[in-house]
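Enquirer: Could you look at this predicted model? Sequence included:
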Amino acid sequence: MRSKLHFLFNRLGEKLWIRPLVFCILVVLAALAAAAADNLGLRHFVPDVAPDTVEKLLSIIAASMLGVATFAVASMVSAYASVSRNATPRAFLLVVSDDVSKTALSTFIAAFIFSVVALIAIKTDFYDRTGLFLVFVMTVAVIGWVVFSFIHWVDQIARLGRLGTTIDRVEKAAEAALDRRRCSPNLGALPIDGDADPGDPVFVDTIGYVQHINVEALQAHADKHKTILTVAALPGTFVAPGRALGFVKGHAGRIPPEVASAVAKAFIIGHDRTYDQDPRFGLISLSEIAARALSPAVNDPGTAIDIIGTLVRLFTLWVSPIQVGENGSKVQYDRVRVPSLSLDEMFGDAFTAMARDGAGTIEVVIRLQKAFISLSSLKNEEIKRIARLHSQLALARAELALKLPYEIEKVRALADRLR
């Protein structure tokens, strides 16, 4: 349940309207709660503030904040469009969840709402002396809050739509997902044991991508019915009618519809992939950015080279040993079987598009070969084998695309270091 709540909370974080709504509710409550101070008997202890003074300050805020909020929205939309155009549309959700921009927009809208509500309250004599002084203090605080947020946001918005910033955000999302899966390679369940008869399949009518698996709910269901559940569709898998989500072993005869429905409800399926439980999606997004940079219309091999270095960091993290203090691969759900991620497929997600689209660009091909050499030096036999394979594939593509024999020989010399 905790993982599901975390997933749903992250989805709320991708909505632009959540934080402005919360801020607006808080400032409205603050403006109205100021009247309660009139009942505290502090009338003779607070300065006498003229209503006109507070009204003028609130009028300035009300007149300016709506325009500033509109400007902020336009700037954010422009940055989002730049991300989809220059990087990849798959990075949009990472950029739209930027905390600084959402906080700034929420601040501007909340300041406008506060000024309007406070002005109405003052005009209707809602406040006495103490309440009016408290509103004056709140108004000064709101002005300072707005100025600080605007300065901080301007610095952030100047970088928000930049390609380098987008790559950094995708790398962080991929790194977090890879690190979580590295510490829990089977989502806290048991690995697939190669059972020839995993049980009866569970299908679903929904068409889309598996975004989240509530393994805890699967374990509870398996405990209740004394069954073994095998997950067949990891997060990121495209499912449709006829594609099994999982298998149930232990029921005598056909799986009851209510059992199949309970198992299917543990899978959250949506139209798009998400980064939380899907480390491969981060690798694919980085690969898409590199492929776009290598297109003839963009012709930016430097970005592809930068992403190759990013991918080397991510794969190094993936095969690094689990340190003391990390969760480790402790089995929490002993009635659920979950397949491990395939390193072969992860390498394909990361490097195939670049090796194909950059085969005719010598600097990209050389950097790819150097990346495979670096990865093959890690103390992991599987990654050494796969790095050698992709090195030979990249060499084969380069031999077809490169024209100069000198360049081909240079690439061959690097590839031979992995033979």
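Expert: Perfect, thanks for sending it.
Enquirer: rest of the way, CA atoms for contacts and neighbours
Expert: Noted.
Enquirer: quick one, strands of the stretch 151-300 of the chain?
Expert: 189-190, 200-202, 208-213, 228-231, 238-239, 246-249, 267-270 (DSSP state E, counting those that start in this stretch).
Enquirer: isn't there a helix covering residue 16?
Expert: No. Under DSSP: H, G, I helix; E, B strand; the rest coil, residue 16 sits outside any helix and is assigned coil.
Enquirer: For this protein, give me the ranges with low pLDDT.
Expert: For the chain, residues meeting the criterion pLDDT under 70 lie at 1-6, 8-14, 44, 194-196, 251-253, 324-329.
Enquirer: Show me the one of the strands of the stretch 151-300 of the chain that comes nearest residue 280.
Expert: Nearest to residue 280 among these is strand 208-213; the distance by CA to CA comes to 12.2 Å.
Enquirer: That closest one - which strands sit beside it in the sheet, and in what orientation?
Expert: On the basis of DSSP bridges, the sheet neighbours of strand 208-213 come out as strand 238-239 (antiparallel), strand 267-270 (antiparallel).
Enquirer: Save the strands of the stretch 151-300 of the chain as a markdown table, and put in distance to residue 79 too.
Expert: What follows is these, written out as a markdown table (distance: least, CA to CA, whole Å):
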| stretch | distance to residue 79 |
| --- | --- |
| strand 189-190 | 41 |
| strand 200-202 | 42 |
| strand 208-213 | 26 |
| strand 228-231 | 39 |
| strand 238-239 | 30 |
| strand 246-249 | 40 |
| strand 267-270 | 25 |
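Enquirer: Present those strands as TSV; the columns should include distance to residue 67 and mean neighbour count.
Expert: Compiled in TSV, the strands of the stretch 151-300 of the chain are given as follows (distance: least, CA to CA, whole Å; neighbours: other CA atoms under 10 Å):
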stretch	distance to residue 67	mean neighbour count
strand 189-190	52	22
strand 200-202	53	21
strand 208-213	38	22
strand 228-231	51	25
strand 238-239	43	20
strand 246-249	53	21
strand 267-270	36	20
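Enquirer: quick one: which of the ones you listed is nearest residue 261?
Expert: Of all the strands of the stretch 151-300 of the chain, the one in closest proximity to residue 261, counting by CA to CA, is strand 200-202 (8.4 Å).
Enquirer: chain center to that closest one: distance?
Expert: Distance, stretch centre to chain centre, for strand 200-202: 31 Å (CA atoms, centre = their mean, to the nearest Å).
Enquirer: Would you list the strands that that strand pairs with, along with their directions?
Expert: Looking at strand 200-202 with DSSP bridges, its paired strands and their directions are strand 246-249 (antiparallel).
Enquirer: Give me the buried stretch members for whichever helix in the chain runs longest, please.
Expert: Of all the elements of type helix in the chain, the one with the most residues (DSSP state H) is helix 51-86. Along helix 51-86, these residues count as buried under the neighbour rule (16 or more other CA atoms under 10 Å): 51, 54-55, 57-59, 61-62, 65-66, 68-69, 72, 75-76, 79-80, 82-84, 86.
Enquirer: re earlier: tell me which of the strands of the stretch 151-300 of the chain lies nearest to residue 380.
Expert: Taking CA to CA as the criterion, residue 380 comes closest to strand 189-190 out of these, the separation being 22.2 Å.
Enquirer: and the closest one, what does it pack onto?
Expert: With contacts defined as 3 or more CA pairs under 8 Å, 6 or more residues apart in numbering; DSSP states H and E, the secondary structure elements packing on strand 189-190 are strand 333-337.
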